[in-house]
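Participant: quick one, what's the 3D model for this:
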Amino acid sequence: MDRDLSNYRKTYEKGALLLKDSPDNPMELFKQWFHEVDTHFTQDETNAMTVSTIGLDGFPKNRVVLLKRYTYEGFIFFTNYQSEKGQAISKNPHVCLSFFWHGAERQVIIKGIAEKIAENLSDGYFESRPRGSQLGAIASHQSSIVKDRAELEMDLKNLEIQFEGKEILRPDYWGGYIVKPISIEFWQGRPNRLHDRIHYQLDEEYNWCKNRLSP
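Facilitator: Have a look, this model is predicted:
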């Protein structure tokens with residue numbers, strides 16, 4: 001299966017990102033970009049992000065998850081702690097997050113340290129989920145081998161019967177992580193492949209230093 005993609009071309013002309021116009025704190029710029037994409041490019045799932053970890057086998061692995069909250073401290077998502085990504089984070093909490101908003105021709109790459117959030121915060125988010133999603137989190141032994149889909153659906157059906165009329169509590173193997181950034185890079189597509197790249201790095205005194213990078 002040989003397919004030549006060398007003639008695929010796209011011109012990036014939707015924006016610019018200059019060092020002099022970028023704020024001192026990268027979270028301010030992330031907030032601005034997220035709002036602009038969420039408002040003007042609704043075809044994008046704005047909070048979809050790629051989480052990259054180093055697996056127990058030594059290989060990096062990427063997967064798309066949903067960002068559920070961001071603060072000046074970091075970026076929060078939820079998952080099964082016993083999943084492949086959860087086990088990877090447990091062994092090596094150095095992770096990378098990335099957002100690609102193709103409509104706005106923008107990309108954000110975040111390197112940081114992942115740690116579990118407080119249990120009461122995970123409880124609060126779990127309670128806010130639709131009942132079906134709560135049961136799905138219990139039914140799925142994430143990343144484990146399953147015989148077929150019928151087995152999953154039967155497990156869910158049994159849980160629906162078991163918890164009928166009852167409160168569903170968050171299982172202790174499911175909850176949130178916060179990724180506390182140490183570097184954030186903002187990429188804005190520009191014509192002639194001379195893209196804008198502004199890189200923020202946290203120094204030893206926890207101050208953000210920013211620089212323009214060559215495309």
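Participant: quick one, longest strand in this structure?
Facilitator: When the chain is parsed with DSSP state E, its longest strand is strand 174-188.
Participant: what is it packed up against?
Facilitator: Using 3 or more CB pairs under 8 Å, 6 or more residues apart in numbering; DSSP states H and E, the elements in contact with strand 174-188 are helix 26-40, strand 75-80, strand 106-116, helix 119-128, strand 196-202. Placement of C-beta: from N, CA and C, glycine included.
Participant: CA atoms only: put the first one into CSV for me.
Facilitator: So the one you mean is helix 26-40. Listed next in CSV are the C-alpha coordinates belonging to helix 26-40 (Å, rounded to 0.1, in the frame of the first residue of the first chain):
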residue,chain,number,x,y,z
PRO,A,26,1.5,31.2,29.7
MET,A,27,-1.8,30.3,31.4
GLU,A,28,-3.2,33.7,30.4
LEU,A,29,-2.4,32.9,26.8
PHE,A,30,-3.9,29.4,27.0
LYS,A,31,-7.0,30.9,28.5
GLN,A,32,-7.3,33.4,25.6
TRP,A,33,-6.6,30.8,22.9
PHE,A,34,-9.0,28.3,24.4
HIS,A,35,-11.8,30.9,24.6
GLU,A,36,-11.2,32.0,21.0
VAL,A,37,-11.2,28.5,19.6
ASP,A,38,-14.2,27.5,21.7
THR,A,39,-16.1,30.6,20.5
HIS,A,40,-15.2,30.8,16.8
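Participant: state the distance from the residue nearest to Tyr81 when sequence neighbours are not counted to Asp2.
Facilitator: Spatial nearest neighbour of Tyr81, chain neighbours left out: Tyr173 (5.0 Å); criterion: CB to CB, 6 or more residues apart in numbering. Using CB to CB, to the nearest Å, Tyr173 is found at 45 Å from Asp2.
Participant: kindly report the same for Lys61.
Facilitator: 27 Å.
Participant: neighbours of Leu121, how many?
Facilitator: When neighbours are defined as other CB atoms under 10 Å, Leu121 has 16 of them.
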